[in-house]
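**Student:** Structural data only, the sequence is not supplied:
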């Protein structure tokens with residue numbers, strides 16, 4: 001009996017992806033609960049019963065159990081960073097208890113909740129392209145509101161959110177001969193600048209077109225610039241450099257391994273004396289003192 005061979009046209013072929021791989025529910029409510037703390041200042045909503053609960057911490061508490069349930073499903077598995085997060089949380093609590101059990105443990109517990117709770121909420125609920133895309137869309141709305149409020153601080157010359165909406169009078173911080181550092185809804189301009197930096201780098205890597213990528217990253221960079229804080233600005237420039245590195249070496253699969261290897265080697269040398277080596281900062285300052293013809 002002759003065998004019939006059916007040729008499959010590659011153009012009409014369709015790849016079926018299992019529902020559990022790379023796909024998930026959008027979860028817009030979870031995304032809003034994760035980011036609601038950005039828009040509500042700590043002074044506007046604070047529940048104090050030993051440990052202070054802010055809007056962001058309340059959101060983490062509401063999402064923590066559903067996130068842990070998601071992580072226990074058969075389609076999910078533990079990764080090394082899960083153990084590192086738990087170990088760091090335990091270290092935070094042990095260190096606080098060792099220093100001052102009565103006065104430090106509650107605040108350390110709140111910080112631990114923000115870190116390890118936020119980590120597992122993201123691990124459990126921000127899984128798959130649908131959930132991540134929804135989170136980024138919500139982040140755009142939140143970032144736009146926060147940055148526009150930061151611009152309002154700069155233009156008005158005062159911290160308008162706290163003065164007008166919260167009813168808390170704070171002494172604004174001025175730089176550059178009378179330019180107010182934008183605060184927006186945050187507790188310090190450095191925190192606002194850091195939020196703009198993280199959001200801008202996320203948009204720089206997540207947007208699918210160059211136009212949207214540059215539009216959102218520049219918008220966040222202007223918000224970071226309005227905070228007048230050097231650390232977030234430097235971090236933003238590093239993020240731009242990493243993105244440019246990624247685009248220039250896109251065809252090479254080893255680019256990230258090389259980058260992280262350089263970071264892992266340079267960080268301990270730069271911040272401490274490892275095996276008697278001189279930090280890069282000292283070498284750089286010595287090089288500046290060498291006279292060139």
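**Tutor:** Received, thanks. Keep in mind it's a predicted model, so treat the numbers as computed, not measured.
**Student:** Quick one: residues contacting residue 239.
**Tutor:** With contacts defined as CB atoms under 8 Å, 6 or more residues apart in numbering, residue 239 is in contact with 197, 200, 201, 204. For glycine as for every other residue, the C-beta is placed from the backbone atoms N, C-alpha and C.
**Student:** Would you agree the third one is in contact with residue 236?
**Tutor:** Yes: using CB atoms under 8 Å, residue 201 and residue 236 qualify as a contacting pair, with a distance of 7.3 Å.
**Student:** When those two are compared, which one has more neighbours?
**Tutor:** residue 236 (23 against 19; other CB atoms under 10 Å).
**Student:** Could you measure from the more buried one over to residue 65?
**Tutor:** 35 Å (CB to CB, to the nearest Å).
**Student:** Angles on the backbone of the spatially most central residue of the chain, please.
**Tutor:** When CA atoms, centre = their mean is applied to the chain, the residue found nearest the centroid is residue 198 (4.6 Å). Backbone torsions for residue 198, taken as degrees, to the nearest 10, come to phi -60, psi -40.
**Student:** what does residue 54 give?
**Tutor:** According to degrees, to the nearest 10, residue 54 has phi -90, psi 180.
**Student:** Off-centre distance for the longest helix anywhere in the chain?
**Tutor:** When the chain is parsed with DSSP state H, its longest helix is helix 129-156. Its chain's average C-alpha position is 13 Å from that of helix 129-156, according to CA atoms, centre = their mean, to the nearest Å.
**Student:** Who are the packing partners of that helix?
**Tutor:** helix 28-39, helix 160, strand 179-180, helix 189-206, helix 210-226 (3 or more CB pairs under 8 Å, 6 or more residues apart in numbering; DSSP states H and E).
**Student:** Other residues contacting the third one?
**Tutor:** In other words, strand 179-180. Here strand 179-180 has contacts from 153, 154, 156, 157, 158, 159, 172, 173, 174, 228, using CB under 8 Å, 6+ apart.
**Student:** Make a markdown table from those and add pLDDT and neighbour count to it.
**Tutor:** Shown next, in a markdown table, are those (pLDDT from 0 to 100; neighbours: other CB atoms under 10 Å):
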| residue | pLDDT | neighbour count |
| --- | --- | --- |
| 153 | 90 | 24 |
| 154 | 90 | 20 |
| 156 | 87 | 13 |
| 157 | 85 | 12 |
| 158 | 85 | 18 |
| 159 | 87 | 27 |
| 172 | 74 | 17 |
| 173 | 77 | 15 |
| 174 | 81 | 12 |
| 228 | 91 | 20 |
